[in-house]
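> I'd like to go over a predicted model; first the sequence, then the structure.
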Number of protein chains: 2
Amino acid sequence: MNDDLMSAIRWNEDGLVPAIAQDAASGQVLMLAWMNREALAATVAEGRAVYWSRSRQRLWRKGEESGNVQQLKGLRLDCDGDTLLLAVEQVGGIACHTGRAHCFYRLLEDGNWTATEAVRRDPASLYGSAQGDEHE
Amino acid sequence: MNDDLMSAIRWNEDGLVPAIAQDAASGQVLMLAWMNREALAATVAEGRAVYWSRSRQRLWRKGEESGNVQQLKGLRLDCDGDTLLLAVEQVGGIACHTGRAHCFYRLLEDGNWTATEAVRRDPASLYGSAQGDEHE
């Protein structure tokens, strides 16, 4: 990405912006993660979602361990330039490190956070490491 | 909301979490704003989106000036508890302070951020003040 495109973005004090990944076909919001300049440039160059892992302090190519890559189908910036919205094709149908289709599986219901989505695959089988492909 | 529900949430160092508002009917991601405990409690109690305005440092009842209230249809929390997803009915069909249906109207296209959504209403007619109902 060129400097003009980058300069439209209002990075926070840590040099990051939130990036929402939405399933391009179903419209399901899959997850929210963070990008720095390098992650955004890699996302556009490679055509797949690349985030900045705040916990690991390194680039995180979504699906690098699990194979559940997010192919980039579209990229949008909001009105004040501080949030990105990615339209993606979620390879494997699993965005969440818990093995669920998406990360927003806890629904406020009858005064509780109720888990609403089935685990499609045992997380232990998704990852080689104990830490897994979590989105922080 | 009771303390158990609140304690599932991982607030950031400023006591905030990002909250994604999604149109309950169309699936369109409308905007991202921020909530603190008070905003979340008000959202649930009042059944409408109430955010924390970082620029104004006060609660911001979405639509308080414009009338473009977001009626709460569902509330979800992600796997690691640091992002909220609201399903809303967007009254007036305009979520963005620019007068557009949603805030993510800038699409990366041919190496530019291209404005893709029509302005449905002149922002000047939406707000009494110059600042407007922006989501910061």
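Here it is on my side, so go on. Residues are numbered from 1 along each chain as shown, chains lettered A, B, ... in the order given.

> residues of chain A that sit close to chain B?
For chain A, the residues in contact with chain B (CB under 8 Å from any CB of the partner chain) are A:2, A:5, A:8, A:18, A:20, A:22, A:26-29, A:31-32, A:44, A:74-80, A:82-83, A:85, A:96-98, A:100, A:103-108, A:111-113, A:134-136. Yep, even glycine has a C-beta here, placed from its N, CA and C like the rest.

> from the residues you listed, which land in helices?
Members of these lying in helices (criterion: DSSP state H): A:5, A:44.

> leaving out sequence neighbours, find the closest residue to residue A:100.
Closest residue to residue A:100 apart from its sequence neighbours, by CB to CB, 6 or more residues apart in numbering or on different chains: residue A:117 at 4.5 Å.

> need the contact list for that neighbour.
Residue A:117 makes contact with A:100, A:101, A:102, A:105 under the criterion CB atoms under 8 Å, 6 or more residues apart in numbering or on different chains.

> ok, residue A:51 next?
By CB under 8 Å, 6+ apart, residue A:51 lies in contact with A:19, A:33, A:34, A:35, A:39, A:59, A:60, A:62, A:135.

> distance check, the closest residue to chain B within chain A against residue A:73.
At 3.0 Å from chain B, residue A:27 is the closest residue in chain A, using CB to the nearest CB. Using CB to CB, to the nearest Å, we find residue A:27 at a distance of 12 Å from residue A:73.

> please apply the same query to residue A:40.
Taking CB to CB, one finds residue A:40 at 16 Å from residue A:73.

> which one of those two is surrounded by more residues?
Set side by side, residue A:40 and residue A:73 show more neighbours around residue A:40, with 24 against 14, by other CB atoms under 10 Å in any protein chain shown.

> from what I see, residue A:1 and residue A:40 are in contact.
Yes - with contacts counted by CB atoms under 8 Å, residue A:1 reaches residue A:40, the gap being 6.5 Å.

> tell me which residue of chain A is furthest from the middle?
Ranked by distance from the centre of chain A (CA atoms, centre = their mean), the top residue is residue A:110, with 28.9 Å.

> and that residue, what's its pLDDT?
Looking at residue A:110, its pLDDT stands at 89.

> ditto for the one 5 residues further on
Per-residue confidence at residue A:115 stands at 95 (pLDDT).

> mind saving the C-alpha coords of whichever strand or helix holds residue A:124 as PDB?
Under the criterion of DSSP states H and E, residue A:124 resides in helix A:123-126. What follows is helix A:123-126, C-alpha atoms only, in PDB (Å, rounded to 0.1, in the frame of the first residue of the first chain):
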ATOM      1  CA  PRO A 123      -9.000 -26.900  19.200                       C
ATOM      2  CA  ALA A 124      -6.300 -29.400  20.200                       C
ATOM      3  CA  SER A 125      -6.500 -30.800  16.700                       C
ATOM      4  CA  LEU A 126      -6.200 -27.300  15.100                       C
END
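
> now that helix: how far from the chain's centre is it?
Relative to its chain's centre, helix A:123-126 lies at 18 Å (CA atoms, centre = their mean, to the nearest Å).

> again, but for stretch A:5-17
For stretch A:5-17, the separation from the chain centroid amounts to 17 Å (computed by CA atoms, centre = their mean).
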